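Q: Starting from these lines, generate the structure:
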Amino acid sequence: MNRKVVQYNFLGIENEPYSLDHAIVLSSDNNNLKLLPFTNDFKPESDTTICLGKISNFLNVDNDTFVESNCSVLLDKIIEVPKNKVRPIYKQDLDGSIIKDKNGDLVPVEINSQQYEYLAAKSNLFYA
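A: Got it, this is the predicted structure:
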């Protein structure tokens, strides 16, 4: 599940004012996932925030239009949660339609390997 984008209910964690939000799976074991929350709001780069750029086929609605937005990850918000508490997010085209593979299965959104390697390096520096 590493690199996948999921949805998780962050309400009540460290007094966060939001609830359902998106995160990237950094690692997993049999029961838990280590999640890295991200936002589509612009955040300047810092020791705890980095811009990943756009995540392919991860769309937001902006003025009734589906768009790919730049995503900023929040390194100081990494959390470990039970696998059964997250929901996968599936790829969409720019019309908002869900993308399926040649077998008709939904295709999960994930960050590319370059983005993942960058995140892994930055999160290791942050937690070293």
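Q: so where's the protein uncertain?
A: Counting by pLDDT under 70, the chain shows low-confidence ranges at 12-20, 63, 123-128.
Q: go with 90
A: Across the chain, the ranges flagged by pLDDT under 90 are 1-2, 9-21, 26-27, 36-53, 59-79, 94-96, 116-128.
Q: From what I see, P37 and K77 are in contact.
A: Yes: between P37 and K77 there is a contact under CB atoms under 8 Å: 4.6 Å. Placement of C-beta: from N, CA and C, glycine included.
Q: And the strands in the chain?
A: 5-9, 20-28, 32-39, 49-62, 65-74, 79-82, 87-88 (DSSP state E).
Q: Please convert the ones you listed to CSV, extending it with mean neighbour count.
A: CSV is the format used below for these (neighbours: other CB atoms under 10 Å):
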stretch, mean neighbour count
strand 5-9, 18
strand 20-28, 19
strand 32-39, 21
strand 49-62, 16
strand 65-74, 17
strand 79-82, 14
strand 87-88, 13
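Q: Which one of those lies nearest to D105?
A: Nearest of the strands of the chain to D105, taken as CB to CB: strand 87-88 at 11.6 Å.
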